[in-house]
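Student: I would like the atomic coordinates for the input below:
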Amino acid sequence: MQPLTKAVIPVAGYGPRLLPATKTIPKGMLPVVDRPVLQYVVEEAAAAGLRDVLMITGRHTQPIEDHFDRNAELEQALRRTGAPHLLAELQRPERLATVHYLRQDTRQGLGHAVLRAEHHIGDEPFAVLLGDDLIDAGSPLLPDMIKTQQRYGGCVLALTPAAPHESFAHGRATTLRARTDGTLPIADLVEGPRPAGAPGGYAVIGRYVLSPEVFAALRVAPPGRDGEIQLTDALAAMARSGTPVHGVLHTGRRHDTADPENCLRTAIQFACERPDLGPSLRTWLDHYVRHEMPRG
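Tutor: Predicted coordinates for the structure are as follows:
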């Protein structure tokens, strides 16, 4: 099997639930504490050995390119002021991976964004990471998905147990009996089904490891939900035609950054767990909740 070295990160979305903050700032550049969302995603890819990253961009994504590029002027200023820790943090994004950019001129769904990557990917397996879901640093999810693809071939999806009321927000998977290593063969997939018709008990979350055969499936995939080319629909067609599609169950924490409340929760959790910020922040939060928070 060919080793995986490439990751695709779609970043062309408008982020409508985060307006007006996302009117001029790409949603992936909104901060979680002191790093933008996208930096956490690229860090996850790099930690799994995926150091060739292609971002599928839309309009107003220059801040993303600037963030993962060198800023020599700011580096000079930090050297003059004697701030080695800040200098290291400034240089960290550009050293994580080689980042490429490709424009998605029209937003026609996740499947269309992935299809745009075909020329860059070629005939290699690759990963797709969505920025709305942040996975805890050190989680084995992405490495386990890569190992599954290398062992069984085909495509691999990240799954999580799903409540019925969540079905319209995620693709849902119908799985067969788990293998001895815990991986789940997937028999069928449905993108965002209504609760009454939701199959299986697993939701598809924003991590994929795909074989290059997915591009052929995407080229013939008809418009699906919302009139867009859905990656889930192409993977469902592959599973039905005999291409192996597997699920890896994620039981750890994932953090949603797609709307204001969950984005705030994520930032608070991350900050509370940092040794440099957590102790004082937890003390302040406790005092605020007990004594200062408005009631009613």
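
Student: Please report the number of neighbouring residues for His255.
Tutor: His255 has 19 neighbouring residues, counting by other C-beta atoms under 10 Å. Backbone N, C-alpha and C define where each C-beta goes, glycine included.

Student: quick one, phi psi at it?
Tutor: phi -120, psi 120 (degrees, to the nearest 10).

Student: wait, doesn't it sit right on Gln269?
Tutor: Yes. Counting by C-beta atoms under 8 Å, His255 does reach Gln269; the two are 6.8 Å apart.

Student: quick one: contacts for Tyr14?
Tutor: Thr22, Lys27, Gly58, Arg107 (C-beta atoms under 8 Å, 6 or more residues apart in numbering).

Student: Just the pLDDT for the third one.
Tutor: pLDDT for Gly58: 85.

Student: so the residue nearest to it when sequence neighbours are not counted is in which element?
Tutor: Spatially, and ignoring its direct neighbours in sequence, Gly58 is nearest to Ala12 (3.2 Å; C-beta to C-beta, 6 or more residues apart in numbering). When elements are defined using DSSP states H and E, Ala12 is found to belong to no helix and no strand.

Student: ok, Ala12 - how many residues close by?
Tutor: Neighbourhood size, Ala12 [other C-beta under 10 Å]: 23.

Student: swap in Glu213?
Tutor: Quick note: Glu213 (other C-beta under 10 Å) scores 16 neighbours.

Student: Quickly note the distance from it to Val220.
Tutor: 12 Å (C-beta to C-beta, to the nearest Å).

Student: Now do the same contact list for the closest residue in space to Gly15 that isn't next to it in sequence.
Tutor: Of all residues not flanking Gly15 in the chain, Lys27 sits nearest, at 3.0 Å (C-beta to C-beta, 6+ apart). By C-beta under 8 Å, 6+ apart, the contact list for Lys27 reads Gly13, Tyr14, Gly15, Leu18, Val37, Gly131, Thr257.

Student: My guess is Leu218 contacts Gly111. True?
Tutor: Yes. Counting by C-beta under 8 Å, Gly111 is a contact partner of Leu218 at 5.0 Å.

Student: shared neighbours, those two?
Tutor: Contacts common to Leu218 and Gly111, judged by C-beta under 8 Å, 6+ apart, are Ile229, Leu231, Ala234.

Student: Ala187 should be in a helix, yeah?
Tutor: No. Counting by DSSP: H, G, I helix; E, B strand; the rest coil, Ala187 falls outside a helix, being strand.

Student: Count the neighbours of the spatially closest residue to it that is not a sequence neighbour for me.
Tutor: Nearest residue to Ala187, sequence neighbours excluded (C-beta to C-beta, 6+ apart): Thr174, at 4.9 Å. By other C-beta under 10 Å, the residues close to Thr174 number 17.

Student: So what sits opposite Thr174 in the bridge?
Tutor: Asp188 (DSSP bridges).

Student: That one and Asn71, how far apart?
Tutor: Separation of Thr174 from Asn71 (C-beta to C-beta) stands at 48 Å.

Student: if we can go back for a sec, would CSV of the contacts of Tyr14 with distance to His287 and secondary structure be doable?
Tutor: Listed next are these as CSV, based on distance: C-beta to C-beta, whole Å; DSSP: H, G, I helix; E, B strand; the rest coil:
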residue, distance to His287, secondary structure
Thr22, 32, helix
Lys27, 32, helix
Gly58, 42, coil
Arg107, 45, coil
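
Student: Which one (most neighbours) among those?
Tutor: Lys27 (23 neighbours).

Student: Would you confirm that Asp233 contacts Gly224?
Tutor: Yes. Using C-beta under 8 Å, Asp233 is in contact with Gly224, at 4.5 Å.

Student: Find residues that contact each of the two.
Tutor: With C-beta under 8 Å, 6+ apart, Asp233 and Gly224 have common neighbours Glu191.

Student: if you count what's nearby, which of the two comes out ahead?
Tutor: Neighbour totals were compared for Asp233 and Gly224, and Asp233 leads with 23 against 19 (other C-beta under 10 Å).

Student: give the contact list for the more buried one.
Tutor: Gly111, Leu189, Glu191, Ala221, Pro222, Gly224.
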